[in-house]
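> 3D model of this:
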Amino acid sequence: MKSQRNVGNVHQQNILDSLQHRLDAARAKGDANLISQLEREMQQSRGMASAPLPRTQAPRVSNAEVTRQHRQNLRDNVQRRLNSARDRGDQNLINQLERELQELA
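Predicted structure coming up:
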């Protein structure tokens, strides 16, 4: 697995390469406004390349919170499907989804 720093470096280099390509194309066309804008972006991106990546850590979430959110997402999806079935007038699907919603309650 690649480290976060290595992935960040690769990403930053891809950004710089893309900007350089766009800058070369703008120079070939002689578009002074675009050249100026891209040169500023290059300077900003190069400045960011030398800045260290902050160490981040994913927020800790309890299993209970994950379970609660998952069940809420399931209920929301069933409710959305139930509303759609009602709009279409599909009584068989409405009955199935109402039972499913009761099981999730």
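> Can you pull the poorly scored residue ranges out of the protein?
1-5, 48-54 (pLDDT under 70).
> Domain-wise, how is it divided?
Following the assignment in automatic domain parsing, the chain carries domains at 4-50, 63-104.
> now the ones you listed in CSV, with mean neighbour count and distance to T56?
For the C-beta atoms, the positions are set from N, CA and C on the backbone; glycine is no exception. CSV is the format used below for the domains of the chain (neighbours: other CB atoms under 10 Å; distance: least, CB to CB, whole Å):
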stretch, mean neighbour count, distance to T56
domain 4-50, 13, 8
domain 63-104, 12, 20
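> For Q57, find the nearest of the ones you listed.
With CB to CB as the measure, domain 4-50 is the member of the domains of the chain nearest Q57 (10.7 Å).
> Adding distance to Q57, write the domains of the chain out as CSV.
Formatted as CSV, those follow (distance: least, CB to CB, whole Å):
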stretch, distance to Q57
domain 4-50, 11
domain 63-104, 17
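> what about Q12, distance to L38?
16 Å (CB to CB, to the nearest Å).
> go on, A64?
50 Å.
> Over to Q57?
According to CB to CB, Q57 and L38 sit 35 Å apart.
> what does A58 give?
Separation of A58 from L38 (CB to CB): 35 Å.
> go on, L19?
In terms of CB to CB, L19 sits 6 Å off from L38.
> Repeat that for N77.
Distance of N77 to L38, given as CB to CB: 44 Å.
> Just the C-alphas of the helix or strand containing I94, formatted as CSV.
Element membership of I94, judged by DSSP states H and E, is helix 91-104. Included here for helix 91-104 are C-alpha records, laid out as CSV according to Å, rounded to 0.1, in the frame of the first residue of the first chain:
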residue,chain,number,x,y,z
GLN,A,91,-50.2,-1.7,-4.7
ASN,A,92,-48.3,-5.0,-4.5
LEU,A,93,-45.0,-3.1,-4.2
ILE,A,94,-46.6,-0.7,-1.7
ASN,A,95,-47.6,-3.6,0.5
GLN,A,96,-44.1,-5.2,0.4
LEU,A,97,-42.3,-1.9,1.1
GLU,A,98,-44.7,-1.0,4.0
ARG,A,99,-43.9,-4.4,5.6
GLU,A,100,-40.2,-3.8,5.1
LEU,A,101,-40.5,-0.4,6.6
GLN,A,102,-42.2,-1.9,9.7
GLU,A,103,-39.4,-4.5,10.0
LEU,A,104,-36.8,-1.6,10.0
